[in-house]
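*Asks:* Sharing a model that was predicted from the sequence below.
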Amino acid sequence: MVAPLGDKASLAVFRKRLLSTDDSFDFTDAMGIFTHVCEEWSGRPTGSGSAS
């Protein structure tokens, strides 16, 4: 489950992990999350649809 956008504690963890040089979480992971959230919120998948 994705934390609410206004959840300050979750945003702090996200920011800390994204900016940490010791954590394997990177921009590619963040973009995957953003894509998923956009698809869920809009009800419109952004993928090619060929996997169905």
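*Replies:* Good, I have the coordinates. Note that the structure is a prediction, hence the values are computed from the model and not measured. Numbering: from 1, shown residues only.
*Asks:* check contacts around Thr35.
*Replies:* Residues near Thr35 by CB atoms under 8 Å, 6 or more residues apart in numbering: Thr46. Every C-beta, even on glycine, is put in place using the N, C-alpha and C of the backbone.
*Asks:* Spell out which helix or strand contains it, please.
*Replies:* Under the criterion DSSP states H and E, the helix or strand holding Thr35 is helix 27-42.
*Asks:* mind listing what's buried in that helix?
*Replies:* By neighbour count, with 16 or more other CB atoms under 10 Å as the criterion, helix 27-42 contains no buried position.
*Asks:* Tell me the pLDDT of the spatially most central residue of the chain.
*Replies:* Note on the chain: the residue nearest the mean C-alpha position is Ile33, at 2.0 Å, using CA atoms, centre = their mean. Per-residue confidence (pLDDT) for Ile33: 87.
*Asks:* Next: the one 3 residues further on.
*Replies:* Confidence per residue is given as pLDDT, and for His36 that number is 88.
*Asks:* Then Pro4?
*Replies:* At Pro4, the model reports a pLDDT of 55.
*Asks:* for Ala12, helix, strand, or coil?
*Replies:* Per DSSP: H, G, I helix; E, B strand; the rest coil, the local secondary structure of Ala12 is helix.
*Asks:* what about it, how many neighbours?
*Replies:* 10 (other CB atoms under 10 Å).
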